[in-house]
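Visitor: sequence and predicted structure are below.
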Amino acid sequence: MMRGLDTTVRKLRRRVFEEVARLGFKANAETLNDDMEAIPYKMVNEDTAKYRESVYRARAVVRERLRLAMGLSLRPENKPVHLTAGVESSNISDKYYEPPLMQVIPSACEACEERGYEVSNMCKGCLAHPCMEVCPKDAVSMVKGRSYIDQEKCIKCGKCKSVCPYDAISRKERPCQKACGVGAIESDNCGRARINNEKCVSCGMCMVSCPFGAISDKSQIFQLARALTEGDEIVAEIAPAFAGQFGDNITPRNLKAALQELGFSEVYEVALGA
């Protein structure tokens, strides 16, 4: 679980939100498309693309994150759709995002194995080899003095792992699938994660558990920024958890003042409505 850690994935998400909010505050319909096109190049260069194997893939991921952050859907992979397609309908202050809320970005997904067991270099090739003895399908053998699992025979029961005295057998499991409590994570025809929207409850656990930042939710931060610049009366309702998120030197009074300075007409703690 990566919740609470300031990872590269989290920093990337925040940076995208920052750039999209900046777009919203500029609110210039004439330059919106060009400004949106420029963001992937602004965010990703040869120095900042270290977390992907190429600058081109990193920019491709940022492009899809941009669309999601503006409340738009991902582009299809099998037909040409421009980055800014549909952005005109989002360039308003009260647009609801296009369902579904959670989406897997195909270009970011590493197609993790759904489940499996693999012998690590911790294996000592012990004389007892209990892993071989307990396997119901004879999938475990000794190869060059170390345990080896035949994936064609393995039924993924986990008995070998449970008896290994050196904990040398690792359980491989797709992080997003493990985190999903409703079994909504499936696989597409390329082995990448796919969300079954009929099952998904939009809890976001898959998003915070993916170490590659391949899952993202849609946002209305662009529309909010536009509404603030237009002077609409907007009330901010903040969750009570804010009290523990900004450190000891930030009080509720400070936060309320900051939100009002951004343009919110009033600020309430959301539990007031309950």
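Guide: Perfect, thanks for sending it. Numbering: from 1, shown residues only.
Visitor: where do the strands sit along the stretch 151-274 of the chain?
Guide: All strands of the stretch 151-274 of the chain, identified by DSSP state E, counting those that start in this stretch, fall at 169-173, 185-187, 193-195, 215-217, 235-238, 266-269.
Visitor: these two touch, right, residue 69 and residue 17?
Guide: Yes: contact criterion Cβ atoms under 8 Å: residue 69 and residue 17 qualify, at 5.9 Å. Quick note: C-beta positions are derived from backbone N, CA and C, even for glycine.
Visitor: wait, which of the strands of the stretch 151-274 of the chain is closest to residue 151?
Guide: Nearest of those to residue 151, taken as Cβ to Cβ: strand 169-173 at 10.6 Å.
Visitor: can you give me how far that closest one is from the chain middle?
Guide: Here strand 169-173 is found 22 Å from its chain centre; the criterion is Cα atoms, centre = their mean, to the nearest Å.
Visitor: could you dump that strand to CSV, C-alpha only?
Guide: C-alpha atoms of strand 169-173 as CSV (Å, rounded to 0.1, in the frame of the first residue of the first chain):
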residue,chain,number,x,y,z
ILE,A,169,9.0,-18.3,-3.0
SER,A,170,7.3,-15.0,-3.9
ARG,A,171,3.6,-14.5,-4.6
LYS,A,172,3.1,-12.3,-7.6
GLU,A,173,-0.2,-10.4,-7.6
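Visitor: sorry, back to before: can I get the strands of the stretch 151-274 of the chain in JSON lines with mean pLDDT, mean neighbour count and distance to residue 98?
Guide: JSON lines is the format used below for the strands of the stretch 151-274 of the chain (pLDDT from 0 to 100; neighbours: other Cβ atoms under 10 Å; distance: least, Cβ to Cβ, whole Å):
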{"stretch": "strand 169-173", "mean pLDDT": "94", "mean neighbour count": "15", "distance to residue 98": "31"}
{"stretch": "strand 185-187", "mean pLDDT": "95", "mean neighbour count": "19", "distance to residue 98": "21"}
{"stretch": "strand 193-195", "mean pLDDT": "96", "mean neighbour count": "21", "distance to residue 98": "15"}
{"stretch": "strand 215-217", "mean pLDDT": "95", "mean neighbour count": "23", "distance to residue 98": "12"}
{"stretch": "strand 235-238", "mean pLDDT": "93", "mean neighbour count": "15", "distance to residue 98": "23"}
{"stretch": "strand 266-269", "mean pLDDT": "93", "mean neighbour count": "14", "distance to residue 98": "28"}
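Visitor: thanks a lot, see you next time.
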